[in-house]
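Chemist: please work out how this folds:
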Amino acid sequence: MKRKQHIALLMAGTLLLSAVLPYTQASQTEAAAKPKLSVKKMSLILGKSKKVQVKNVKKKQLKKITWKAKNKKIVTVKKSGKLAASMKGKKTGTTKVTAKIYLKTKKKPVSAVVTVTVKKDTKTPAPTPKSPAAASLPPTASGTPGVSQPPASSNKPQEDPTNILEAYDGIFKYMGTCANYYGYDEKKDQLRTRGTLDFITENFNSITLENEMKPDAMLSTWGVGVQTLSLSEAKELGYYIPENYPETKVPLINLETVDRTLETLKKEGLQMRGHTFVWHQQTPVEFFVKNYSGNTKVTPEVMDARLEFFIRNVMRHVMDKEKELTGSAGTLVYAWDMINEYIHRTHDATRISWHNVYGDMGLEPSYVKKAFEFAYEELENYGVQDKVVLYYNDYDTYDCADDIVSLVNFINQDATDKNGNPVKICGGIGMQSHLCVDYPTIESYGDALDKFLNTGLEVSISELDVSTNYAKTGETDAQGWDKWAYKDLGQTDEDQADYIKSLMEMIVSKQKNLDRTKNQNGIAGVTIWGLYDKCSWKADTKPLLFGKSIMDPKASYYSFLDAAAIWYS
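Modeler: This is a model prediction of the structure:
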């Protein structure tokens, strides 16, 4: 009898637990996914606007959101897409703005509140810079070139910056990301989707086309390959043909995507880095072979003419398009990555490329120097040589900084402008910065940055991402460079956040303490290489500031913002 009672009690308890457990689990899930706003407090400058976004909600879960300011005389609220609102300061003071979030799974709305304080603009006007990059540098104590000093307290940014542009305002001139106009899969239509564009324009003022200005995108047609034109056809289309061009046909250059991108930049108030002309990867084999087909490589002399044809025609087209859109050249594309990764060039004999045509030219490659010469002449032709910077761009720069300095010195050696005056045709060094949370050390990265700044050239952090769980495989490629791959090392988002904060604090400190007697240009900007982890080229290592989408900020996003504060310490 007691055994039966025990079993009955056990069954009753099990039934009770099974009834309670789903409710408990649902409550925990619901609590974890509770909608909230991107900030709890916000400071606004009188007359200026900022956006607030709803987090932890997907559009498909949402019925609607209503926004209401307690005091409409202080701030006005306007919807900005389905999950955000724009706040505009109308009068000094503090008020609360409430978002009522109606979900399909709930009868009652969830309320979220942000406290908004509107202040007068206390910033003092910055002095007129002598060069575009100098706009990002603080004035010296004496007002003359020298070691830069921390800005006055009145120049401090608004408290609790809510986006990347706001956090780094006045520190770097350009804050960028890479994006795609057409793209594919997770990278699709990034510059054609309104919500993604809003995110980009809120956080960045610069973009780099991730793939659509690389040689294979401009010199070949998807599914067709390299198409050719006769010289007469090319001239009718307005192509420039070099005087020493020895062939009877030229490759068709595809610039439709570039045109659409430039139109978008003009409309959205963005600028762009041109990326890239000379690269041993993502360049059609046909560009290096006779008659643009087969497998017989051309001579260096023929390749020189092809290189000149390619660079001059692309740059002329872009600058003409800028004049059409804005009235003047040099307004949308402010920098060109002329040469990409020469130090890490491949020697693959099975795939014809630059190395196979010219041979190994060490740190004095003639075609690299010529590429800069052609491009600089075009900048001079359009009168924008003081506005647009030509870059050498490479990765693992902390392992080969001395070689890069030697290379750019060779490029600039004996270079002159059209009047015969000495000039640095390579005006910038791009540090790609595809990093890991345990490599390189912050110190070694900083040492490389110092070496580049000591050249007097402008420097950009051109392709920043920081991988977790990424390690050497123990193998090397044909050139002896280490191979890397995903490996579970137990590294977390918090590890990434800590590394990024230390890295960015170091970079900002270099900019803050820049000796302007040695370098007037400093660090022009930082470009984060992707919008969120899922669309990264290294997605399995989760290297970016956002996770599954642009609505999923990681701990590293907040540490990236926090690092800017060292500028004012």
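Chemist: ok, which stretches of the stretch 1-150 of the chain are helices?
Modeler: 2-32 (DSSP state H, counting those that start in this stretch).
Chemist: what about it, any weak spots by pLDDT?
Modeler: Where the stretch 1-150 of the chain drops to pLDDT under 70, the residues are 1-33, 121-150.
Chemist: for the chain, same thing?
Modeler: Scanning the chain for pLDDT under 70 picks out 1-33, 121-159, 479.
Chemist: got the residue ranges for the helices in this protein?
Modeler: 2-32, 164-167, 194-203, 215-219, 231-236, 256-268, 300-326, 354-358, 366-381, 401-412, 442-453, 493-512, 555-563 (DSSP state H).
Chemist: who does the spatially most central residue of the chain bridge with?
Modeler: Closest residue to the average C-alpha location of the chain: residue 177 at 2.3 Å, with Cα atoms, centre = their mean. For residue 177, the residues forming beta bridges with it (DSSP bridges) are residue 207, residue 528.
Chemist: hang on, residue 417 packs against residue 383?
Modeler: No. If you go by Cβ atoms under 8 Å, residue 417 and residue 383 don't touch, sitting 11.7 Å apart. In short, each C-beta sits where N, CA and C put it, glycine included.
Chemist: rewinding a little: nearest to residue 52, of the helices of the chain?
Modeler: The closest of those to residue 52 is helix 194-203. By Cβ to Cβ, the value is 11.0 Å.
Chemist: and for the closest one, what's in contact with it?
Modeler: Contact with helix 194-203 is made by 51, 80-81, 84, 163-165, 175, 177, 179, 189-191, 207, 264, 268-270, 531, 550, as judged by Cβ atoms under 8 Å, 6 or more residues apart in numbering.
Chemist: what subset of the residues you listed is buried?
Modeler: 51, 80, 84, 163-164, 175, 177, 179, 190-191, 207, 264, 270, 531, 550 (16 or more other Cβ atoms under 10 Å).
Chemist: closest to residue 454 among these?
Modeler: Nearest member of the buried ones among the contacts of helix 194-203 to residue 454, counting by Cβ to Cβ, is residue 175, at 24.3 Å.
Chemist: check contacts around the closest one.
Modeler: Residues in contact with residue 175 (Cβ under 8 Å, 6+ apart) are 164-165, 168, 203-206, 525-527.
Chemist: and the buried ones among these, selectable in PyMOL?
Modeler: Remark: buried members of those, expressed as a PyMOL selection using 16+ other Cβ under 10 Å:
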select buried, resi 164+168+203+204+205+206+525+526+527
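Chemist: redo the contacts of residue 175 as CSV? Include distance to residue 373.
Modeler: Below are those laid out as CSV (distance: Cβ to Cβ, whole Å):
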residue, distance to residue 373
164, 36
165, 35
168, 34
203, 36
204, 32
205, 30
206, 26
525, 25
526, 29
527, 26
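Chemist: now flag whichever of the contacts of residue 175 is closest to residue 352.
Modeler: Closest to residue 352, out of all of the contacts of residue 175 and judged by Cβ to Cβ, is residue 527, at 30.8 Å.
Chemist: list the contacts of that closest one.
Modeler: So residue 527 contacts 174-178, 206, 208, 273, 460-464 (Cβ under 8 Å, 6+ apart).
Chemist: measure residue 501 to residue 552 for me?
Modeler: From residue 501 over to residue 552 the distance is 19 Å, taken as Cβ to Cβ, to the nearest Å.
Chemist: who has more neighbours, those two?
Modeler: Taking neighbours as other Cβ atoms under 10 Å, residue 501 and residue 552 compare with residue 501 leading, 19 against 15.
Chemist: the nearest residue to the more buried one once chain neighbours are set aside: what's it in contact with?
Modeler: In this structure, residue 501 finds its nearest non-sequential neighbour in residue 559, 3.9 Å apart by Cβ to Cβ, 6 or more residues apart in numbering. By Cβ under 8 Å, 6+ apart, the contact set of residue 559 is 497-498, 500-501, 504.
Chemist: out of those residues, which are buried?
Modeler: 497, 500-501, 504.
Chemist: can I get the residues you listed in a markdown table including distance to residue 516?
Modeler: Conversion of the buried ones among the contacts of residue 559 to a markdown table gives the following (distance: Cβ to Cβ, whole Å):
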| residue | distance to residue 516 |
| --- | --- |
| 497 | 32 |
| 500 | 27 |
| 501 | 26 |
| 504 | 21 |
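Chemist: nearest to residue 424 among those?
Modeler: Distance to residue 424, by Cβ to Cβ, is smallest for residue 504 among these, at 27.7 Å.
Chemist: could you check how far that closest one is from residue 497?
Modeler: For residue 504 relative to residue 497 (Cβ to Cβ), the value is 11 Å.
Chemist: how deep is the nearest residue to residue 499 once chain neighbours are set aside tucked in, by neighbour count?
Modeler: Excluding its sequence neighbours, the residue lying closest to residue 499 (Cβ to Cβ, 6+ apart) is residue 437, at 4.4 Å. For residue 437, the neighbour count with other Cβ under 10 Å is 24.
Chemist: with residue 450 instead?
Modeler: Residue 450 has 11 neighbouring residues, counting by other Cβ under 10 Å.
Chemist: report the contact partners of it.
Modeler: Contacts for residue 450 (Cβ under 8 Å, 6+ apart) come out as residue 510.
Chemist: how close does it get to residue 188?
Modeler: Counting by Cβ to Cβ - residue 450 and residue 188 are separated by 40 Å.
Chemist: follow-up on the earlier one: residue 518 is nearest to which of the helices of the chain?
Modeler: Residue 518 sits nearest to helix 442-453 of all those, at 7.4 Å, using Cβ to Cβ.
Chemist: can I have that closest one written out in PDB, keeping just the CAs?
Modeler: Output of helix 442-453 as PDB, limited to C-alpha atoms (Å, rounded to 0.1, in the frame of the first residue of the first chain):
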ATOM      1  CA  ILE A 442      50.000  45.300 -28.800                       C
ATOM      2  CA  GLU A 443      53.600  46.400 -28.400                       C
ATOM      3  CA  SER A 444      54.800  44.900 -31.700                       C
ATOM      4  CA  TYR A 445      51.900  46.400 -33.600                       C
ATOM      5  CA  GLY A 446      52.700  49.700 -32.100                       C
ATOM      6  CA  ASP A 447      56.400  49.400 -33.100                       C
ATOM      7  CA  ALA A 448      55.300  48.900 -36.700                       C
ATOM      8  CA  LEU A 449      52.900  51.800 -36.600                       C
ATOM      9  CA  ASP A 450      55.800  54.000 -35.300                       C
ATOM     10  CA  LYS A 451      58.000  52.900 -38.200                       C
ATOM     11  CA  PHE A 452      55.400  53.900 -40.700                       C
ATOM     12  CA  LEU A 453      54.600  57.200 -39.000                       C
END
